[in-house]
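Asker: I'll drop the sequence and a predicted model, then ask my questions.
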There are 2 protein chains.
Amino acid sequence: MSNLTVELNYFLYPSSIAVISDSPTPGGTGCKFVGNLIRADFRGKLYAVNPNLKEIMGMKAYNSIMDIPQGVDLVILAVQSSSFPEIIQECGSKGVKAAIISSGFSGVSDDGKKLEHKVLEVARRHGIRIIGPNTQGIINATNNLMAFTDPDTLPKLTQGKGISYICQTIYFFEDWVFRNQGRGLTKAVNLGVMCDLTNTELLEYFGDDPETRVIVLQIDQIRDGREFIKVARQVTQKKPVIAIKAGRTQVGVRAVVSHTGSLAGSGKVYDAVFRQVGIIRARDTDELIDLTKTFAYLSPMPTGNRVAIISLSGAASSLAADACVEYGLSLAELSKTTIQKIGQVIPSWTSIGNPIDLLQSPEVDRRVAHSTVLEALFTDPNVDAIMIIQCMAGTFLEQFNIFNILKECIREGPKKPIVMSGLMDDEGLKQSSRLDLAGIITFSSIRRSIKALAAAYSRYRYLNQ
Amino acid sequence: MSNLTVELNYFLYPSSIAVISDSPTPGGTGCKFVGNLIRADFRGKLYAVNPNLKEIMGMKAYNSIMDIPQGVDLVILAVQSSSFPEIIQECGSKGVKAAIISSGFSGVSDDGKKLEHKVLEVARRHGIRIIGPNTQGIINATNNLMAFTDPDTLPKLTQGKGISYICQTIYFFEDWVFRNQGRGLTKAVNLGVMCDLTNTELLEYFGDDPETRVIVLQIDQIRDGREFIKVARQVTQKKPVIAIKAGRTQVGVRAVVSHTGSLAGSGKVYDAVFRQVGIIRARDTDELIDLTKTFAYLSPMPTGNRVAIISLSGAASSLAADACVEYGLSLAELSKTTIQKIGQVIPSWTSIGNPIDLLQSPEVDRRVAHSTVLEALFTDPNVDAIMIIQCMAGTFLEQFNIFNILKECIREGPKKPIVMSGLMDDEGLKQSSRLDLAGIITFSSIRRSIKALAAAYSRYRYLNQ
């Protein structure tokens, strides 16, 4: 196990946590952290420290961390910034290995800089790593570590798909986790201003984490460009890394500079670096959600760019063909065997080709047609991926249940990558969540489906270049 | 009233409809049409004709249209295609003015072409206009005319915003109406293969229709290019026209050609024509929904491209700034008065500029801050439009209810165009629907919000070039 893994495990797998606060009134930030950890049912020991309170959320509040009889791995600080150095000093004596500093070093003044240096100096002397300042903390769904986020407000996390999320700005994480309904998230770290632990280190850590399959990276700045490039190159060989980085234009860069107080780097530089090291870039929060869904759930992944389109409308499949061209995919030329098989389930007067239109005629049994076509495409050597254009609304389910047909066809797992468009209402969404879990990814629109497929293929090309 | 308006009013405002079917078994297509019209509570007279049935859905079934004692404006045909000429002939004698032909002229065979010519010849002789073949019909929310769509499966239509939708491929309409939750739709016409009435004629009709404020156009083909350009130029001067046309690439064009059997025209030609005549083009079904929402609800519309961004995160506003650059908008330079006003509600150490970050510090009262900033931006002559970046989830409402603040600020209607991003869950969606109705449009992502604002501004530029 690398040193970095050991150090970061104290944050993500602490055997004990102490929440240190100094507010004399109950109900402050420290109380919230303790309450969140209790409600989340954190699987480890939990202590509260507050010299001004006797009890926090029903737990004894120690006067100082030194009074805790057992050892402490991780501390969470919710105290006046002026006491940071003294408390970190005490933590060092106690043998603490990791500290999360939630609030800031008092804004952007010179005193803040001095304080930061002092805190870092003490921390380094004692081998304490720091996450923060200005962080909303950490989530680890595997041991119920949720100190900063009220677990009652979070969507239910389903850790099975191993998505780990590294961010500096909490807004992006909140947007992602709510709109993604928490699906697939195993760990999340909000680094805040990164006075010590960097996104490069987290990236390396998640690269080695056996529970992490996909890494999402929201970047404000990268402090160590060369190291980042080295680490990213290694990690992307093992796992897909999806990044969102604002400041693609000069105007965007200026907007972020005024916020963080340090240079964010030009958009074009990041585009070039990401491409070079195999990081998949999302331009928007919608794309970030689509991409994580794709890399976490799509199975198998495409190994070629030839797409077969199964549609219920010529104009709709034309839109899909447009998107294929735009995103560097091509329309598969169906094999003779496939065309023969399709010919058995659609009227003889219909021309058979790709896109495959299964709905032109009332005499087509759509259940038989869809399953026959899918089986044919699964074995067609000219087809790398399948796009299904559908109307996924509750009211359409009775007439024609594409979800049941697909589940039937993929009993042994999909044999080719399948994306599907046409999400319409809550019922469609519910049904499609189940398909996502089975490896078929569903999207609202045709273009988003093809874009996702192209992104998945771009990773194949990167790994096989 | 123009001849065209008179002719098309027989389709959309018929005083009487006869559904003509010939299936000897109850429950066929004809029965469905009658049932739909009954359930929708069509405000006009309704007759059923079927020589093989005595009764349809509890209504007397006439042997022939000639047996109906009163006059008939519109007929809906659900009969064998071979009887089309004879029935249209009878309709002519009866004084019928409009016919909807639901099924096709038997596929793509030569006989189909011959039959089409015959039907058209008879119809023209009697002054009957035809919608179809291969159409799912018409919706008019103002008189409950819903023959083809089961009104129980349709989302509840709210006609108030006057959106009229012209399509050839029903898939696009279904996708739009379900995902748009039926909001704002007043009329919809599915033209199918357009043997007679064309999308150009419908466009002209809706251009003159006082109930139509926004026109959505899904195009497979345009049969009369010159006439279309002439009509579109006139209509876009009066109302926004949003179009989706698949086949933007050669591959996409080929895909649609195989479906309709006729040339769809190259994507680039359409791009150029649309730009020239002021039609706003959607590249995807998501964009189509965003654009109709924007043109139907955003109020007031932008008259300049200088955007002020109110954000809760520097990195998020940087993403918005990126999108502004990409879509031809610029960041507003706030006036001195605005900066002074903002200075009163945020901490002195924070730099004030655009983007305006209102969440950096816990000492900011976000309610006061947001309303003060909005009031300042409303009167700032340097600001043309406002983008608000938010987290719109039910769980955030208790902490900070942006919806209530906005409703308070816009009691007399928004004084500048406002778009907002950050839709997250059902509760957010519910709240945001109310804002949409008040003129503030909400979107899932930052980029989509800015793109919509840019589209709205592009119409201003087109009208004032």
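Answerer: Arrived safely.
Asker: My guess is A:D271 contacts A:R248. True?
Answerer: Yes - A:D271 is within contact range of A:R248, at 7.2 Å (criterion: Cβ atoms under 8 Å). For glycine as for every other residue, the C-beta is placed from the backbone atoms N, C-alpha and C.
Asker: out of those two, which sits in the more crowded spot?
Answerer: The neighbour count for A:D271 versus A:R248, taken as other Cβ atoms under 10 Å in any protein chain shown, is higher for A:R248 (22 against 13).
Asker: And the pLDDT for that one?
Answerer: Per-residue confidence (pLDDT) for A:R248: 77.
Asker: Kindly report the same for the one 5 residues further on.
Answerer: Per-residue confidence (pLDDT) for A:V253: 72.
Asker: ditto for A:I405
Answerer: For A:I405, the pLDDT comes out at 83.
Asker: ok, now the one 10 residues further on?
Answerer: According to the per-residue confidence, A:K415 scores 93 in pLDDT.
Asker: wouldn't it be in contact with A:F378 here?
Answerer: Yes - counting by Cβ under 8 Å, A:F378 is a contact partner of A:K415 at 4.1 Å.
Asker: Where does A:N382 sit, in terms of helix or strand?
Answerer: Per DSSP states H and E, A:N382 falls between elements, in no helix or strand.
Asker: separation between it and chain B?
Answerer: As for A:N382, its distance to chain B is 16 Å (criterion: Cβ to the nearest Cβ, to the nearest Å).
Asker: Show me what A:Y165 is bridged to.
Answerer: For A:Y165, the beta-bridge assignment (DSSP bridges) gives partners A:A188, A:V216.
Asker: same thing with A:I356?
Answerer: A:I356 has these beta-bridge partners by DSSP bridges: A:I310.
Asker: Identify the residues contacting it.
Answerer: A:308-311, A:334, A:342, A:373 (Cβ atoms under 8 Å, 6 or more residues apart in numbering or on different chains).
Asker: Could you identify the most distant pair in these?
Answerer: The span of these, defined through Cβ to Cβ, is set by A:S311 and A:L334 at 13.8 Å.
Asker: neighbour count winner among these two?
Answerer: Using other Cβ under 10 Å as the criterion, A:S311 and A:L334 rank with A:S311 on top: 27 against 23.
Asker: Wait, the more buried one touches A:I386, no?
Answerer: No - assessed by Cβ under 8 Å, A:S311 is found out of contact with A:I386, at 11.2 Å.
Asker: For A:V235, give me its contacts.
Answerer: Residues in contact with A:V235 (Cβ under 8 Å, 6+ apart) are A:203-204, A:206-207, A:215, A:241.
Asker: Which ones among those lie within helices?
Answerer: A:203-204, A:206-207 (DSSP state H).
Asker: how about the closest residue to A:D284 other than its chain neighbours, phi and psi?
Answerer: Distance criterion Cβ to Cβ, 6 or more residues apart in numbering or on different chains; nearest residue to A:D284, sequence neighbours excluded, is B:R447 at 3.8 Å. In terms of degrees, to the nearest 10, the main-chain angles of B:R447 are phi -60, psi -40.
Asker: quick one: contacts for B:R447?
Answerer: A:283-286, B:319, B:323.
Asker: what's the spacing between A:Q80 and A:P51?
Answerer: Applying Cβ to Cβ, to the nearest Å, the value for A:Q80 to A:P51 is 12 Å.
Asker: and what of A:F206?
Answerer: The spacing between A:F206 and A:P51, counted by Cβ to Cβ, is 37 Å.
Asker: Pick out whichever of these two has more residues nearby.
Answerer: A:F206 (29 against 15).
Asker: Who are the contact partners of that one?
Answerer: Per Cβ under 8 Å, 6+ apart, neighbours of A:F206: A:164, A:166, A:187, A:212, A:215, A:235, A:239.
Asker: Give me the pLDDT value at it.
Answerer: pLDDT for A:F206: 98.
Asker: can you tell me how far it sits from A:L12?
Answerer: For A:F206, the distance to A:L12 equals 10 Å [Cβ to Cβ].
Asker: and what of A:G439?
Answerer: According to Cβ to Cβ, A:G439 and A:L12 sit 28 Å apart.
Asker: Looking at the two, which has the bigger crowd around it?
Answerer: More crowded of A:G439 and A:L12, by other Cβ under 10 Å: A:L12, with 24 against 16.
Asker: Now do the helices in the stretch 1-150 of chain A.
Answerer: Assigned helices in the stretch 1-150 of chain A, in chain order: A:3-12, A:29-40, A:84-94, A:110-125 (criterion: DSSP state H, counting those that start in this stretch).
Asker: if you compare the ones you listed, which one is most tucked away?
Answerer: For the helices of the stretch 1-150 of chain A, the largest average neighbour count (mean count of other Cβ atoms under 10 Å in any protein chain shown) is found in helix A:29-40, namely a mean of 21.
Asker: Just the terminal-to-terminal distance for stretch A:438-457.
Answerer: One end of stretch A:438-457 sits 19 Å from the other (Cα to Cα, to the nearest Å).
Asker: so how far is that stretch off the chain centroid?
Answerer: The chain centroid and the centroid of stretch A:438-457 are separated by 16 Å under Cα atoms, centre = their mean, to the nearest Å.
Asker: Kindly tell me how buried the residue nearest to A:Q168 when sequence neighbours are not counted is, as a neighbour count.
Answerer: Distance criterion Cβ to Cβ, 6+ apart; nearest residue to A:Q168, sequence neighbours excluded, is A:D220 at 4.2 Å. Using other Cβ under 10 Å, A:D220 has 26 neighbouring residues.
Asker: From B:N464, how far off is A:D220?
Answerer: Noted for A:D220: a distance of 39 Å to B:N464, by Cβ to Cβ.
Asker: and A:Q218, how many residues sit next to it?
Answerer: Using other Cβ under 10 Å: A:Q218 sits among 28 other residues.
Asker: After the lowest-mean-pLDDT helix or strand in chain A, heading C-terminal, what element do we hit next?
Answerer: Using mean pLDDT, DSSP states H and E, the weakest-scoring helix or strand in chain A turns out to be helix A:250-260, at a mean of 62. Downstream of helix A:250-260, the first helix or strand assigned by DSSP H and E is helix A:267-277.
Asker: Which strands border the next helix or strand after that next one, and is each parallel or antiparallel?
Answerer: Downstream of helix A:267-277, the next assigned helix or strand under DSSP H and E is strand A:280-282. Sheet pairing of strand A:280-282 (DSSP bridges) gives strand A:241-245 (parallel).
Asker: A:T372: helix or strand, and which one exactly?
Answerer: helix A:366-379.
Asker: how far away is A:K187 from A:L217?
Answerer: From A:K187 to A:L217 the distance is 13 Å (Cβ to Cβ).
Asker: my guess is A:A188 contacts A:W176, does it?
Answerer: No - between A:A188 and A:W176 there is no contact under Cβ under 8 Å: 9.1 Å.
Asker: who touches both of those two?
Answerer: Counting by Cβ under 8 Å, 6+ apart, the shared contacts of A:A188 and A:W176 are A:Y165.
Asker: Any idea how far apart the tips of stretch A:149-159 sit?
Answerer: Span of stretch A:149-159 from end to end, Cα to Cα: 17 Å.
Asker: Other residues contacting it?
Answerer: By Cβ under 8 Å, 6+ apart, stretch A:149-159 touches A:32, A:36, A:39-40, A:136-137, A:139, A:141-142, A:144, A:146, A:177-178, A:180-186, A:211, B:395.
Asker: Would you list the buried entries among those?
Answerer: Buried members of those, counted by 16 or more other Cβ atoms under 10 Å in any protein chain shown: A:32, A:36, A:40, A:136-137, A:139, A:141, A:144, A:146, A:177-178, A:180-186, B:395.
Asker: Which of those residues fall within strands?
Answerer: Among the buried ones among the contacts of stretch A:149-159, the ones falling in strands (DSSP state E) are A:137, A:139, A:146, A:183-186.
Asker: Which pair of the residues you listed spans the longest distance?
Answerer: Maximum distance among those (Cβ to Cβ): 20.9 Å, for A:G137 and A:R183.
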